[in-house]
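Chemist: My questions concern the predicted model and sequence given below.
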Amino acid sequence: MTAAGAHHSAADEPFVPTIVTIETPSLGDRSYLAHDGEVAVVVDPQRDIDRVLAVAEAEGVRITHVLETHIHNDYVTGGHALAQATGAHYVVAEHDEVSFARLAAADRTTMRTGRLVVTALATPGHTPHHLAYALGAGPPVAVFTGGSMLFGAVGRTDLLGPELTDELTRAQYRSVRRLAAELPPDVAVYPTHGFGSFCSATPTTGTTSTIGQESLCNVATTTENEDVFVERLVGGLGVYPRYYAHMAPANRSGPVAPRFELPQVVERDELLHRIAGGEWVVDLRERRAFARTHVAGTISVELGELFATFLGWTMTWGTSLTLVGDTPAVVARAQRELVRIGIDEVAGHATGQPEDLARDQLASYGVATFADLARAAGRRDVAILDVRRPEEWREQHIVGALYIPFYELEERVDELPDAEIWVHCAGGFRASISASILDRAGRRTVLVDDDFGKVAEAGLPTTSD
């Protein structure tokens, strides 16, 4: 968490609010708390609101307003729960259809609390009723841009379906250019997305920016022709996580605060019963350790920054989930990541090493590099499986490789030949999930845990579509 701004006591000095950034690297998002030393507003809080409450307590301020820039598609909001916990006003765009009471905001709606003055600015594009919030009693000093103006980029415009994509892309173009035209160049820009989030239409650059900087480098401000912008943006949009489909409906219903009690402990026989029944029993350990030894039938999803995104993307929504970790603390970390994408109900957990959980039901598979793959590729019993996203495959892939994206593999294992499957992605994480799915299905597999950039060095020929 980082803070910007300082308190000024001299009567003739302009007031500068303090802005604290609350980062969620695992989802590529940021939330913000802005305050005047006594009262605060919070923008786009994540589901685990205890982090926001801890910041407010540390800063010694009272939260009076919780502001949503839009109905989020990549995570379940903590906004409704935070407003309930603090008695704050919950501010949502007036035309967004929600099932809870809110303080409706529209273009130019102004809110005052303490010395803070917040003005809503209509910035449709990422969603139809998207708002940005300018902060400042006189000329604004900051703008919270949500999924509109990102650092050098814009939020994607296809999350509500292809029938709205063109309209929203044109709106996004105009919204970002509006911010650049109407706000002073020294206004600090605070986006919600753009730090690895799949809600960004294109890669972002940097970790801080201003309106002046974005006027010079943002894809919307530097593309003079709207039609060209639309063509380039829409043409470059790739796939996004399947669980996104469930986020907006959850957010429209007013999600409650999550519970963090550990789920029931699952003993050996029940663990094996769940595996045999096709449930997802997820091992949270490092992927190479999993490959060396694991309980047969478990799925490898390493607990790291990519954990929730790729588990939620791969697992069929609503599948019963059991977590296996070294310690209860590891399981608790995983739970926190999962509630952010609306997976509140974990069916159980087990802790310990595989040998302790089911010594008589252990399995393993090999781990290799692209150089190893180059040496094995000539064997008749070896098949190469690429599980990256479609846009990655089209850009470049190994000649002769089979292709099934990681999030479709569980349903398509039967399409693969009776061979030893060497599975790879761009860096190993998605391939590790895929290798464990193959292993669970009884297929011979080798995890290629390596950087795809080393393919050429290994001498493997590539092509593109």
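Modeler: Right, received. Where do you want to start? Numbers count the residues shown, from 1 in each chain.

Chemist: Low-confidence ranges, the stretch 301-450 of the chain, go.
Modeler: Counting by pLDDT under 70, not a single residue of the stretch 301-450 of the chain qualifies.

Chemist: What segments of it are strands?
Modeler: Using DSSP state E, counting those that start in this stretch, the strands found in the stretch 301-450 of the chain span residues 321-325, 348-351, 362-363, 366-368, 382-386, 397-398, 402-403, 420-424, 445-448.

Chemist: so which of those comes closest to V66?
Modeler: strand 321-325 (29.5 Å; C-beta to C-beta). Glycine gets a C-beta too; all of them are placed from N, C-alpha and C.

Chemist: any chance you could map the helices in the stretch 151-300 of the chain?
Modeler: Secondary structure of the stretch 151-300 of the chain (DSSP state H, counting those that start in this stretch): helices at 162-182, 211-217, 226-236, 247-252, 268-276, 287-292.

Chemist: Between those helices, which one is closest to R359.
Modeler: Nearest to R359 among these is helix 268-276; the distance by C-beta to C-beta comes to 9.1 Å.

Chemist: Report the mean per-residue pLDDT for stretch 178-186.
Modeler: Throughout stretch 178-186, pLDDT has a mean value of 97.

Chemist: Straight-line length of that stretch, end to end?
Modeler: Counting by C-alpha to C-alpha, to the nearest Å, you get 15 Å between the two ends of stretch 178-186.

Chemist: who touches that stretch?
Modeler: Residues from elsewhere that reach stretch 178-186, judged by C-beta atoms under 8 Å, 6 or more residues apart in numbering: 121, 123, 132, 134, 139-141, 143, 145, 148-149, 210-212, 214-215, 218, 221.

Chemist: ChimeraX command for the buried members of those?
Modeler: Buried residues within the contacts of stretch 178-186, by 16 or more other C-beta atoms under 10 Å, are selected in ChimeraX with:
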select :121,123,132,134,140,141,143,145,148,149,210,211,214,215,218,221
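
Chemist: Narrow the contacts of stretch 178-186 to those in strands?
Modeler: Counting by DSSP state E, the contacts of stretch 178-186 place 121, 132, 134, 143, 145 in strands.

Chemist: Switch the helices of the stretch 151-300 of the chain over to CSV; also include distance to E408.
Modeler: Below are the helices of the stretch 151-300 of the chain laid out as CSV (distance: least, C-beta to C-beta, whole Å):
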stretch, distance to E408
helix 162-182, 20
helix 211-217, 37
helix 226-236, 22
helix 247-252, 20
helix 268-276, 22
helix 287-292, 20
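
Chemist: Out of these, which is closest to A458?
Modeler: For the helices of the stretch 151-300 of the chain, proximity to A458 was assessed by C-beta to C-beta; helix 287-292 is nearest, at 19.1 Å.

Chemist: Can you mark which positions in that closest one are buried?
Modeler: Using 16+ other C-beta under 10 Å as the test for burial, helix 287-292 gives 287, 290-291.

Chemist: Between the strands of the stretch 301-450 of the chain, which one is closest to A456.
Modeler: Of these, the one closest to A456 (C-beta to C-beta) turns out to be strand 397-398, at 10.3 Å.

Chemist: Which other helices and strands does the closest one contact?
Modeler: In terms of contacts (3 or more C-beta pairs under 8 Å, 6 or more residues apart in numbering; DSSP states H and E), strand 397-398 is packed against strand 382-386, strand 462-463.

Chemist: Tell me which of those strands sits most buried.
Modeler: Here the criterion is mean neighbour count by mean count of other C-beta atoms under 10 Å, and of these the winner is strand 382-386, at a mean of 21.

Chemist: for that one, packing partners?
Modeler: Strand 382-386 is packed against strand 397-398, strand 402-403, strand 420-424, with contacts defined by 3+ C-beta pairs under 8 Å, 6+ apart.

Chemist: Confirm for me that A347 is in contact with E279.
Modeler: Yes - A347 lies in contact with E279 (C-beta atoms under 8 Å); the separation is 7.2 Å.

Chemist: okay, and the common contacts of the two?
Modeler: Counting by C-beta under 8 Å, 6+ apart, the common neighbours of A347 and E279 are 320-322.

Chemist: Closest one of those residues to D269?
Modeler: D269 has its nearest neighbour among these in T322, at 13.2 Å by C-beta to C-beta.

Chemist: Check whether the closest one really touches T351, as I assumed.
Modeler: No - applying C-beta under 8 Å as the test, T322 and T351 come out as separate, 11.6 Å apart.

Chemist: Please identify which of those two sits among more neighbours.
Modeler: For the pair T322 and T351, the greater number of neighbours falls to T322 (24 against 19), based on other C-beta atoms under 10 Å.

Chemist: quick one on the thing from earlier: may I see the buried residues of helix 287-292 organised as a markdown table, with pLDDT and distance to L311 added?
Modeler: Converted to a markdown table, the buried residues of helix 287-292 look like this (pLDDT from 0 to 100; distance: C-beta to C-beta, whole Å):
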| residue | pLDDT | distance to L311 |
| --- | --- | --- |
| R287 | 97 | 13 |
| F290 | 98 | 14 |
| A291 | 98 | 18 |
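
Chemist: So which residues make contact with stretch 233-247?
Modeler: Applying C-beta under 8 Å, 6+ apart, the contact partners of stretch 233-247 are 72-76, 154, 156-159, 165-166, 169, 172, 198-199, 201-202, 219, 309, 312-313, 317, 341-342, 389-391, 405, 407.

Chemist: Weed out the non-buried ones from those.
Modeler: 72-76, 154, 156-159, 165, 169, 172, 198-199, 201-202, 219, 309, 312-313, 341-342, 389, 405, 407.

Chemist: Tabulate the shared contacts of A347 and E279 (TSV), appending distance to V256.
Modeler: Compiled in TSV, these are given as follows (distance: C-beta to C-beta, whole Å):
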residue	distance to V256
S320	22
L321	20
T322	23
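
Chemist: mind listing the strands for the stretch 51-200 of the chain?
Modeler: Along the stretch 51-200 of the chain, counting by DSSP E, counting those that start in this stretch, strands occupy 62-67, 89-93, 103-105, 110-113, 116-122, 131-135, 142-146, 188-191.

Chemist: would JSON lines of those with distance to G400 be doable?
Modeler: JSON lines is the format used below for these (distance: least, C-beta to C-beta, whole Å):
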{"stretch": "strand 62-67", "distance to G400": "52"}
{"stretch": "strand 89-93", "distance to G400": "51"}
{"stretch": "strand 103-105", "distance to G400": "55"}
{"stretch": "strand 110-113", "distance to G400": "60"}
{"stretch": "strand 116-122", "distance to G400": "52"}
{"stretch": "strand 131-135", "distance to G400": "49"}
{"stretch": "strand 142-146", "distance to G400": "44"}
{"stretch": "strand 188-191", "distance to G400": "42"}
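
Chemist: This completes my enquiry, with thanks.
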